[in-house]
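>>> Sequence and predicted model, in that order:
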Amino acid sequence: MSAEPLEIHLEEQDLGRSLRHDVRVGLTADPKWLPPKWFYDARGSELFEEITRLPEYYPTRAERAILAGRAGLVAELTGAKTLIELGSGSSEKTRLLLDAFTRRGGLGTFVPLDVSDSALRRSTAQIADDYPGLRVRGIVGDFTRHLDRLPAGGRRLVVFLGGTIGNLLPAERANFLAAMRAALESGDWLLIGTDLVKDPAVVVPAYDDAAGVTAEFNRNVLRVLNRELGADFDPEAFTHVAHWDPEREWIEMRLRAERPMRVRVLDLTVEFAAGEELRTEVSAKFRPAGVAAELAAAGFVAEAFWTDPDALFGVTLARA
Ligand code: AVJ
């Protein structure tokens, strides 16, 4: 079967409105910040794929190793008929699950949801080609806003991989998990990947690679603002910063203004002092007990927690 046309829940108009809103709120705040979802235009999605292949960026490899070992068990335990993937990107690791479900039989539909229509268009076409008989329904949407649009019924397994849940702040995370639980029925399943707390000497290079790909990815958000909103950022005048916050156990990506700057965006004039930092992403790292507690607080029952041999990354299977 070829992939069905994408279901678009983020219209161009709606995207523009939420981008303008986020820019207005974030760039008039002190300290300044922007939400990470605006990294992912076509170029940003490609840069992220490049990040996943960097020697320093361990999460993708660690999570892939876990899924390679456990995908059969996930298929067995859940017996899912519908597989929904949030923040699906290229769905590269999800193929391990699709392979296991193909061997087992019974999976009818794959529903990837992502903000990037370009990434989704490519991945749905390829997956439809590679898994004949699978219904592929891509949804362009925002996983913090469109959980009520997920297809209903039919033994669902929602997967949220890569550690992307770490992009949410703790209160946002609690809201997200509660909304996720509300969107599911008892007996549905959630498979969630979380990057684990570890030596900052391992984490920091994953967000500040020697080849400078993460730096380009980070600056890409300024290019998105320039293109979409006619802003006049000089991306080269900002330096990439990856800061480990030991209390909150998260990485913050920031862009540091190397000189005083005045940037025009929307009807705003945004002033940057020399050395001022704009926060572009939080990527939280988790402890296994914390993951279990957050899932329980949202009404999920954690049935299994798996990690790789170096305990870099965790994958939890929970039942609604
Ligand atoms: C896609 C959100 C999981 O936080 O590790 C990679 C994004 N940022 N390098 C992460 C990212 C910088 C990534 N997630």
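The structure has been received and is ready for your questions.

>>> For stretch 51-58, output the C-alpha coordinates as CSV.
Output of stretch 51-58 as CSV, limited to C-alpha atoms (Å, rounded to 0.1, in the frame of the first residue of the first chain):
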residue,chain,number,x,y,z
ILE,A,51,23.7,14.3,14.8
THR,A,52,22.4,10.8,15.3
ARG,A,53,25.3,9.5,13.4
LEU,A,54,28.0,11.4,15.3
PRO,A,55,30.5,9.5,17.4
GLU,A,56,29.7,11.6,20.4
TYR,A,57,25.9,11.3,20.2
TYR,A,58,25.3,8.1,22.1
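
>>> gap between it and the chain center?
The chain centroid and the centroid of stretch 51-58 are separated by 16 Å under CA atoms, centre = their mean, to the nearest Å.

>>> What of stretch 308-320?
16 Å.

>>> Return the alpha-carbon coordinates of that stretch using PDB.
Output of stretch 308-320 as PDB, limited to C-alpha atoms (Å, rounded to 0.1, in the frame of the first residue of the first chain):
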ATOM      1  CA  ASP A 308      21.800  -0.900  27.200                       C
ATOM      2  CA  PRO A 309      25.000  -2.500  28.600                       C
ATOM      3  CA  ASP A 310      26.500   0.800  29.500                       C
ATOM      4  CA  ALA A 311      23.300   2.100  31.100                       C
ATOM      5  CA  LEU A 312      23.300   5.200  28.900                       C
ATOM      6  CA  PHE A 313      19.700   5.100  27.900                       C
ATOM      7  CA  GLY A 314      16.400   3.600  29.200                       C
ATOM      8  CA  VAL A 315      13.300   2.300  27.500                       C
ATOM      9  CA  THR A 316      10.100   1.800  29.500                       C
ATOM     10  CA  LEU A 317       7.100  -0.100  28.500                       C
ATOM     11  CA  ALA A 318       4.000   1.000  30.400                       C
ATOM     12  CA  ARG A 319       0.400   0.000  30.300                       C
ATOM     13  CA  ALA A 320      -2.500   2.600  30.400                       C
END
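
>>> So for that stretch, what gets flagged as buried?
308, 312-320 (16 or more other CB atoms under 10 Å). All C-beta atoms are positioned from the backbone trio N, CA, C, and that covers glycine.

>>> ok, these vs Glu85, which is closest?
Val315 (13.7 Å; CB to CB).

>>> and the stretch 101-250 of the chain, which of its residues are near the ligand?
162-164, 166-167, 207, 214 (CB under 6 Å from any ligand atom).

>>> How much space separates the closest residue to the ligand within the stretch 1-150 of the chain from Ala211?
Nearest residue of the stretch 1-150 of the chain to the ligand (CB to the nearest ligand atom) works out as Ile51 at 5.0 Å. Applying CB to CB, to the nearest Å, the value for Ile51 to Ala211 is 10 Å.

>>> Same drill for these two, tell me which one is more crowded.
Taking other CB atoms under 10 Å, Ile51 and Ala211 do not tie; Ile51 has more neighbours (20 against 12).

>>> now the strands for the stretch 151-300 of the chain?
Remark: strands assigned in the stretch 151-300 of the chain by DSSP state E, counting those that start in this stretch are 156-160, 189-195, 238-245, 250-257, 261-265, 268-272, 277-284.

>>> can you put these in a markdown table and add mean pLDDT, mean neighbour count and distance to Ser88?
Shown next, in a markdown table, are those (pLDDT from 0 to 100; neighbours: other CB atoms under 10 Å; distance: least, CB to CB, whole Å):
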| stretch | mean pLDDT | mean neighbour count | distance to Ser88 |
| --- | --- | --- | --- |
| strand 156-160 | 98 | 24 | 9 |
| strand 189-195 | 98 | 25 | 12 |
| strand 238-245 | 98 | 18 | 25 |
| strand 250-257 | 98 | 21 | 22 |
| strand 261-265 | 98 | 16 | 30 |
| strand 268-272 | 98 | 15 | 33 |
| strand 277-284 | 98 | 21 | 18 |
